[in-house]
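J.: model this:
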Amino acid sequence: MATKVREVMSDSPVIVDAATSLTDCARQMKDRNIGSLGVEEDGELRGVLTDRDIVVRAVARGEDPNRVTAGEVCTGEVVTISPDASLDDAERTMSERGVRRLFVLDDARPIGLVAVDDLRAEREPQSVEAQQLGIGSLIRGYQGETGIGE
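T.: I've put the predicted structure just below:
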């Protein structure tokens, strides 16, 4: 079982410039099958943009997603964690800060993303999250229940 953030994080988070249109951001999310992007301004991670941000903060208000930028609607505060932090630390940080995702930084450079679903899937291999992320099937396969790994 994993104990460190680096063991469960998604590698290579997608980062966009703050001037990127919401349409382009949504396209990247669709093409990569992800729900959030890091938003960079002047070479620094300045915000997080989720698919929900696009809908609630722009589309539902009648804004033109071709003209509104990631920097205008993203959540400005980025909550981060070290790749060497424990999963308990990640869970505690998410709970205390009221977020579902943490950017994983190494020397101020985003190297990964860890979500509450990643933590649950790791701790509960039979959970819906584990099944959706494919973790449960890997564990069952390793244990020989599917015939894989025997």
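J.: from the chain's centroid, how far away is stretch 95-108?
T.: A distance of 9 Å separates the centroid of the chain from that of stretch 95-108, by Cα atoms, centre = their mean, to the nearest Å.
J.: start at 675, not 1
T.: Right, with 675 as the first residue, what we last looked at is stretch 769-782.
J.: phi first, then psi, for the spatially closest residue to residue 758 that is not a sequence neighbour.
T.: Excluding its sequence neighbours, the residue lying closest to residue 758 (Cβ to Cβ, 6 or more residues apart in numbering) is residue 678, at 5.9 Å. The C-beta positions use only the backbone N, C-alpha and C, and glycine is treated the same way. Main-chain dihedrals, residue 678, degrees, to the nearest 10: phi -110, psi 150.
J.: thought residue 678 was touching residue 762?
T.: No - counting by Cβ atoms under 8 Å, residue 678 sits too far from residue 762 to count as a contact (10.5 Å).
J.: pick out whichever of those two has more residues nearby.
T.: The neighbour comparison of residue 678 against residue 762 (other Cβ atoms under 10 Å) goes to residue 678, with 15 against 10.
J.: okay, buried residues for the host helix or strand of residue 719 please.
T.: Element membership for residue 719 (DSSP states H and E) is strand 718-724. Within strand 718-724, the residues that count as buried by 16 or more other Cβ atoms under 10 Å are 719, 720, 721, 722, 723, 724.
J.: identify the residues contacting the second one.
T.: If you count contacts by Cβ atoms under 8 Å, 6 or more residues apart in numbering, residue 720 has them with 692, 713, 714, 745, 748, 750, 752.
J.: picking that back up, CA atoms only: put the strand holding residue 719 into PDB for me.
T.: Presented in PDB, the C-alpha positions along strand 718-724 are these (Å, rounded to 0.1, in the frame of the first residue of the first chain):
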ATOM      1  CA  GLU A 718       4.200  30.800 -11.700                       C
ATOM      2  CA  LEU A 719       1.300  28.600 -10.800                       C
ATOM      3  CA  ARG A 720      -1.400  31.100  -9.900                       C
ATOM      4  CA  GLY A 721      -4.700  29.200 -10.000                       C
ATOM      5  CA  VAL A 722      -6.700  26.100 -10.600                       C
ATOM      6  CA  LEU A 723      -9.400  25.900 -13.200                       C
ATOM      7  CA  THR A 724     -12.000  23.100 -13.100                       C
END
